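Participant: any chance you could fold what I've pasted below:
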Amino acid sequence: MKVLITDLKKYLPKLSWSNEQLAQKLSAIGHETDVVGNKLDIKLTSNRKDCEKLEYLAFDLAGLYPELGSNGNLISFKPGKTIPVTLEKINKILGSSLSIGDYQKIERIGFSIGDNAVIVPDFRTDISEGADIAEEVFRFIGVSALKIEPLSKEPPKESGQFQFLNDIRYALFTAGGTETSTISFRRSGAVKVSNPFSNKEPYLRADLVGGLLETLAKNPFSRRNIFYEIGQVFRPDEKTYLGIVLSGYKNPNDIVETIAKQIGQRLVFKAVGDDQLAQYSVKQPNVLVAEIPVIELTPKKIGPTISALPQFTKISSFPPLVREITVTPGDGTVFINSLTKTFPELLLVEHIDSYVNPNTGTTSDSYRMIFQKHTGSFTKDEISQIDNKIVELL
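Facilitator: From the prediction side, this is the model:
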């Protein structure tokens, strides 16, 4: 709203500030104000409808700045709602150590402080809880009055449960898994939310399967996947579960065995039906899921603690060069080590298949190599050089 300073002086005769000074004072108490010509353009705090009346704005202003004189005769009001709150709670909300004198300053704008409650003036319909009272106190004291306490440098207390969950994460990461985190709201479940974000998902999840299948659906071009999540489910009691989804493996028993070896416990994987896959628009074949309460997992050290996170690697925007090759006999370790030393552009080598010759018993292993540059696409000459080096290594 646009206000002339002379209009406010009718209510506050002692007002001697310039337009710029008054704009600064109003902004400091929550009403963002700019000077436009000879007027003040006041953007009132959205919940302060009372200040749309000039006498109430003057009452608020004089209450926070005593040098403007008494504001007792500017408006009339009655006691309104009672908010249970104490100085201790105010200090906890603000992270402060204010005195009772600081607290009592809000009485200048119509509040009445009791032992364990504050009576709000009837025109302050925006006040409904202790945090609102703390906000009013903060308007009086300002940022400079808050004492900043540095955070403790003491290490946190060890948590066996936290470390155990991290061990599970490390074990599944070692097995080739990728952790995901999904929302807790679903179309159906055992616990209905009284005020949901969306009427389409008014329930808390009763399992992790839906979220894992959604993650799978968002990665349609990834052929083989191990996604896992550790999260809360509600059946209706709240419990922490581990959920894993596998897809794209011709022989899933091998990866199931790997997971069992890593976490020290065998999980029961079940095939996901076509109807459920269609429900979540999952395109991958051979989808299996397993769920287990974390409390049922063996509480023992599974893997080493990760001392440092791997460094972030920028993803290239240029198309990759993909090569597939079969190595006979099957141990391609030497070949893979040679690849990583020879090609700085090598992004990934993955084992894609194994074959045992029924006549000779010889094992052949197939690998996919993905090369990628950050500076541009591969030229024909570069592709030819890579192919020739691969042949040389073989």
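Participant: quick one: the strands in the stretch 251-394 of the chain, in order.
Facilitator: 270-271, 288-293, 321-327, 346-356, 363-371 (DSSP state E, counting those that start in this stretch).
Participant: so which of those strands comes closest to residue 137?
Facilitator: With Cβ to Cβ as the measure, strand 288-293 is the member of the strands of the stretch 251-394 of the chain nearest residue 137 (45.8 Å). For every residue, glycine as well, the C-beta is placed using N, CA and C.
Participant: for the closest one, packing partners?
Facilitator: Contacts defined by 3 or more Cβ pairs under 8 Å, 6 or more residues apart in numbering; DSSP states H and E place strand 288-293 against helix 209-217, strand 238-247, strand 270-271.
Participant: strand partners of it, parallel vs antiparallel please.
Facilitator: With DSSP bridges as the test, strand 288-293 is paired with strand 238-247 (antiparallel), strand 270-271 (antiparallel).
Participant: got the buried residues for the strand or helix carrying residue 137?
Facilitator: Per DSSP states H and E: residue 137 is located in helix 130-141. By 16 or more other Cβ atoms under 10 Å, the buried positions in helix 130-141 come out as 130, 132, 133, 134, 135, 136, 137, 138, 139, 140.
Participant: again with stretch 49-63
Facilitator: Residues of stretch 49-63 classed as buried by neighbour count (16+ other Cβ under 10 Å): 50, 51, 55, 56, 57, 58, 59, 60, 61, 62, 63.
Participant: what comes into contact with that stretch?
Facilitator: 1, 3, 7-8, 11-12, 25-26, 29, 31, 42, 44-45, 48, 68-71, 74-75, 108-110, 123-126 (Cβ atoms under 8 Å, 6 or more residues apart in numbering).
Participant: from those, which land in helices?
Facilitator: Members of the contacts of stretch 49-63 lying in helices (criterion: DSSP state H): 7, 8, 25, 26.
Participant: for those, give me CSV that also has pLDDT.
Facilitator: Formatted as CSV, the ones in helices among the contacts of stretch 49-63 follow (pLDDT from 0 to 100):
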residue, pLDDT
7, 88
8, 89
25, 90
26, 91
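Participant: excluding chain neighbours, what is closest to residue 106?
Facilitator: With sequence-adjacent residues excluded and distances taken as Cβ to Cβ, 6 or more residues apart in numbering, residue 106 is closest to residue 136, at 5.0 Å.
Participant: so the one you found touches residue 105, yeah?
Facilitator: No - applying Cβ atoms under 8 Å, one finds residue 136 not in contact with residue 105, separated by 9.0 Å.
Participant: ok so, going back, C-terminal to the helix holding residue 137, what's the next element?
Facilitator: helix 160-174.
Participant: that following helix - contacts with which helices or strands?
Facilitator: For helix 160-174, the packing partners by 3+ Cβ pairs under 8 Å, 6+ apart are strand 178-179, strand 225-234, helix 252-263.
Participant: tell me what angle the helix or strand of the chain with the lowest mean pLDDT forms with strand 363-371.
Facilitator: Within the chain, no helix or strand scores below helix 333-342, which has a mean of 81 by mean pLDDT, DSSP states H and E. Per axes from the mean of the first three to the mean of the last three Cα atoms, to 10 degrees, the angle that helix 333-342 makes with strand 363-371 is 10 degrees.
Participant: give the buried residues for helix 333-342.
Facilitator: Neighbour counts over helix 333-342 (16+ other Cβ under 10 Å) mark 335, 336, 338, 339 as buried.
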